[in-house]
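S.K.: attaching a predicted model along with its sequence, questions to come.
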There are 2 protein chains.
Amino acid sequence: MAMTIRDIAREAGVSTATVSRALRGLPNVDPVTRERVRQVAERLDYVVSPAASRLASGRAGSIAVITPYIARWYFGRVLSGIEKVLQGSDLDLLLSSIGDPSETHRVPPHRKLRRRVDGFLVISLSTDTEGVNEIFEADVPVALIDTEREGCWSVGIDDVAGARMAVQHLINLGHERIGLISGRPLPTPFRPEENRWVGYRDALLDASLPVEADLEACGHFTIEGGERAMTTLLARPNPPTAVFAMSDEMAFGALRALRAHGLQPGRDVSVVGFDGHEMAEHLDLTTIVQPVEEIGARAAVALLEALDHPTREPQQLTLPLGMVVRGSTALRRDRATI
Amino acid sequence: MAMTIRDIAREAGVSTATVSRALRGLPNVDPVTRERVRQVAERLDYVVSPAASRLASGRAGSIAVITPYIARWYFGRVLSGIEKVLQGSDLDLLLSSIGDPSETHRVPPHRKLRRRVDGFLVISLSTDTEGVNEIFEADVPVALIDTEREGCWSVGIDDVAGARMAVQHLINLGHERIGLISGRPLPTPFRPEENRWVGYRDALLDASLPVEADLEACGHFTIEGGERAMTTLLARPNPPTAVFAMSDEMAFGALRALRAHGLQPGRDVSVVGFDGHEMAEHLDLTTIVQPVEEIGARAAVALLEALDHPTREPQQLTLPLGMVVRGSTALRRDRATI
DNA sequence: GAGTCCGGCGTAAACGCTTGCACAGGAGCC
DNA sequence: GGCTCCTGTGCAAGCGTTTACGCCGGACTC
């Protein structure tokens, strides 16, 4: 049978209350007593029962991470950042993916997780998405990644600015027909997608360049999707001379499509990605770099803060972006040859 | 205040015992009563308190996934497979990464997770690794991925056979000096690494080919590492004409190193990877394909089974491998030209 | 030196379930 | 018609903590 707090109390010659206080580091315990209790607990290999402790204290002792995907590059990184921070806390990390909300109909996490977590960490999902919005009804703190919402802590990057930067780079290189490889048709449940779309559009409008439906294709954030999208764009009557892909993985696919058509990235068609994927360097892809793990870590820190200081005003944190220019972008060809 | 089982009992005109039984689908409840209780619970928006239920029942209601990494391709996929299965169960998924056990010294998960989970799912870690071996002291079921151990369920592939297949393919193409890009120096806490090393060696021995330390370099399972390893191998006095990389990501790095040296993969040096990474197709890499998500899913199913039927004899499941031959492997050059 | 304060500790009441046991009543059997 | 058996239900004892409250004694204050 497992040790209980009572066993420790008996052995140490104190009450269970004192054991509880001593072991949790609460004040008003004689250092001598505390040490004795600690030693007894250690000797008897005592571990608190989380269930009992949670029931008595009313705290769930866990936080849930709600993510659309686990296996994809970006989400895995963010998750890793979160996990590293939570590892150092005494909170359990409950993982719950909900898949693409527009495709699958998983049980919304809200009901399942009620009374089960002290807080939520939501990645990339718009807060008004069905199944996500219910999270806010449980009155526990929520930290959002890549989105913002009144009353919530949030961490992310400026997706609009990032997309603008990417497109502006292409404009600076003389491109005028600039294509977009987006995720899926709007409206989308993913916030970054919306914002990058806005950044793309704004950059073009600012430069008085055309924003045409013909210049856009959906790549569903996968390599294959990016490849198909690029192929689609190339088949259009008046194809773009440069393309902004909303993710590096889609850009990888785009690069492949170009090669399949005998075109050379950069020289024939410029491609910019978004993420800072390791492979971008290897494929010589120009890309917008975001600090992915740090985003997760910061969000976790924010949530811990919100749990510790429930009254503190939520803050919005925007992390800096960078752009790495590589061979996949170059001066527009006809310009270059002029 | 949140509803309790007592509120439901009162409202439905039954005892709390009946509510508990009705809601959990236990037998010996009149269907009419059950339905009434369900409706009341629904109407009052009742959700059981997991803490109370766990304390009373003695079940933890969660399983822990112990993984060295979260953000890496393979582990993310496996995790995703696990999560999809667990989503359908009523168990929480506790995520705990321990980093590379040989590098970091995180708190071993054992102590932290005692009394907290009903079972463990361990990915890739040798069961005799410090910090991992303690898991087996808690007498809860364990399902292992990529390893085996007496008394444990396990799911994986035949890494020895996979590595053999890869190397044999190179041998069949006429290569005689076949290099290896491994993870890190043996001994390693990762089981697949050991086994792939054995497969590599055995294939060479069977063909009476040399197994030289000079033919091996460590790539640490990263792209950059693979690149460095390939560079190292190329700088050796008598470099290999073909290379087996223990992971696709290291193979990607190797391909890049080749190009950096003006060598063409396949024509000049053949490269085989291991995993079935999506990018392998795009980089024209020959690779051994394993069903990664399925490995995770099957392991989760196995663990659920072990929890449902504690007496059932653990089983070892080995999933089939495939090989996809692409342009990165070709007949040995001097042979081809003869 | 009486009064006040405070640190250290114990008592016991929750916390919200699960489940062993008991029991009533009806069905089935001889 | 008495017996057993089975189904549906209730009673109440836990499960192992946390924490409000109260008590005691020593260190202050005036």
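M.R.: That came through, no problem. Numbering: from 1, shown residues only, chains lettered A, B, ... in the order given.

S.K.: all helices of the stretch 51-200 of chain A, in order?
M.R.: Taking DSSP state H, counting those that start in this stretch, the helices of the stretch 51-200 of chain A run over residues A:73-87, A:109-113, A:159-172, A:191-206.

S.K.: buried residues in the third one, which are they?
M.R.: The one in question is helix A:159-172. Residues of helix A:159-172 classed as buried: A:159-171 (neighbour count, 16 or more other C-beta atoms under 10 Å in any protein chain shown). Quick note: C-beta positions are derived from backbone N, CA and C, even for glycine.

S.K.: quick revisit: deepest of the helices of the stretch 51-200 of chain A, which one?
M.R.: Across the helices of the stretch 51-200 of chain A, the average number of neighbours (mean count of other C-beta atoms under 10 Å in any protein chain shown) peaks for helix A:73-87, which reaches a mean of 24.

S.K.: and chain B, is it touching that?
M.R.: Yes - contact of helix A:73-87 with chain B (C-beta under 8 Å from any C-beta of the partner chain) involves A:76-77, A:79-80, A:83-84, A:87.

S.K.: what packs against that helix?
M.R.: When contacts are defined as 3 or more C-beta pairs under 8 Å, 6 or more residues apart in numbering or on different chains; DSSP states H and E, helix A:73-87 packs onto strand A:62-67, strand A:92-97, strand A:119-123, helix A:292-308, strand B:92-97.

S.K.: nearest to DNA strand C, of the ones you listed?
M.R.: With C-beta to the nearest atom of the strand, the closest approach to DNA strand C among the helices and strands packed on helix A:73-87 belongs to strand B:92-97: 14.8 Å.

S.K.: which elements pack onto the closest one?
M.R.: Other helices and strands packing on strand B:92-97, by 3+ C-beta pairs under 8 Å, 6+ apart, are strand A:62-67, helix A:73-87, strand A:92-97, strand B:62-67, helix B:73-87, helix B:109-113.

S.K.: rank the ones you listed by mean pLDDT and give me the bottom one.
M.R.: Least confident of the helices and strands packed on strand B:92-97, judged by mean pLDDT, is helix B:109-113 with a mean of 74.

S.K.: rewinding a little: turn the buried residues of helix A:159-172 into CSV, including pLDDT.
M.R.: As requested, the buried residues of helix A:159-172 are exported to CSV (pLDDT from 0 to 100):
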residue, pLDDT
A:159, 97
A:160, 97
A:161, 98
A:162, 98
A:163, 98
A:164, 98
A:165, 98
A:166, 98
A:167, 98
A:168, 98
A:169, 98
A:170, 97
A:171, 97
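
S.K.: ok, these vs DNA strand D, which is closest?
M.R.: residue A:159 (40.7 Å).

S.K.: quick one: low-confidence parts of chain A?
M.R.: Of all residues in chain A, those with pLDDT under 70 make up the ranges A:1, A:100-110, A:334-338.

S.K.: got the domain ranges for it?
M.R.: Domain assignment for chain A by automatic domain parsing gives A:5-57, A:62-156+A:292-319, A:159-290+A:323-335.

S.K.: can I get those domains in a markdown table with distance to DNA strand C?
M.R.: Shown next, in a markdown table, are the domains of chain A (distance: least, C-beta to the nearest atom of the strand, whole Å):
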| stretch | distance to DNA strand C |
| --- | --- |
| domain A:5-57 | 3 |
| domain A:62-156+A:292-319 | 8 |
| domain A:159-290+A:323-335 | 32 |
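
S.K.: nearest to residue B:49 among the ones you listed would be which one?
M.R.: The stretch from these with the least distance to residue B:49 (C-beta to C-beta) is domain A:62-156+A:292-319; that distance is 5.4 Å.

S.K.: can you put the helices and strands packed on strand B:92-97 in JSON lines and add distance to residue A:293?
M.R.: Formatted as JSON lines, the helices and strands packed on strand B:92-97 follow (distance: least, C-beta to C-beta, whole Å):
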{"stretch": "strand A:62-67", "distance to residue A:293": "14"}
{"stretch": "helix A:73-87", "distance to residue A:293": "4"}
{"stretch": "strand A:92-97", "distance to residue A:293": "15"}
{"stretch": "strand B:62-67", "distance to residue A:293": "16"}
{"stretch": "helix B:73-87", "distance to residue A:293": "13"}
{"stretch": "helix B:109-113", "distance to residue A:293": "21"}
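
S.K.: among these, which is nearest DNA strand D?
M.R.: Taking C-beta to the nearest atom of the strand, helix B:109-113 is the member of those nearest to DNA strand D, at 13.9 Å.
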